[in-house]
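Undergrad: only the shape, not the letters, is given here:
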């Protein structure tokens, strides 16, 4: 494996994160509950991890601000534009697959 400096590793991780966020913004057809059921995380989880990292770095970042970073708009706007009511099957799968903290 290529030896990377800490700075190079951070730059590559940041680029991968930006690409993931852009991909999730472009795939608004994919519902968070589907992501949770298949992958065990969703856009909200990603925004929570971002906020956790900010807090660990001593930065004051609100939940709403971290969600806007991931969603590309206020969360309520995204929900109104893209979120649909979960089906009974999606809800049942979530109850089986949800993380213990969730």
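TA: Sure thing, it's come through. Since the structure is predicted, the reported quantities are computational estimates derived from the model, not experimental observations.
Undergrad: quick one: name whatever helix or strand follows the lengthiest helix in the chain.
TA: Counting residues, the longest helix found in the chain (DSSP state H) is helix 6-26. Sequence-wise, the next helix or strand downstream of helix 6-26 (DSSP states H and E) is helix 32-39.
Undergrad: what are the buried residues along that following helix?
TA: Judged by neighbour count using 16 or more other Cβ atoms under 10 Å, the buried positions of helix 32-39 are 32, 33, 35, 36, 37. To be clear about C-beta, it is placed using only N, CA and C from the backbone, and glycine gets the same treatment.
Undergrad: following that helix, which helix or strand comes up?
TA: Next element after helix 32-39 (DSSP H and E): helix 43-56.
Undergrad: which other helices and strands does that next one contact?
TA: Helix 43-56 makes packing contacts with helix 6-26, helix 32-39, helix 63-71 when contacts are defined by 3 or more Cβ pairs under 8 Å, 6 or more residues apart in numbering; DSSP states H and E.
Undergrad: next, the angle helix 32-39 makes with the least confident helix or strand in the chain by mean pLDDT.
TA: Every helix and strand of the chain was ranked by mean pLDDT, DSSP states H and E. The lowest is helix 88-97, at a mean of 90. Compare the direction of helix 88-97 with that of helix 32-39 by axes from the mean of the first three to the mean of the last three Cα atoms, to 10 degrees and you get 50 degrees.
Undergrad: contact partners of stretch 85-96?
TA: Applying Cβ atoms under 8 Å, 6 or more residues apart in numbering, the contact partners of stretch 85-96 are 31, 33, 34, 36, 37.
Undergrad: show me the shaky parts of the protein.
TA: Within the chain, the set of residues satisfying pLDDT under 70 comprises 101-102.
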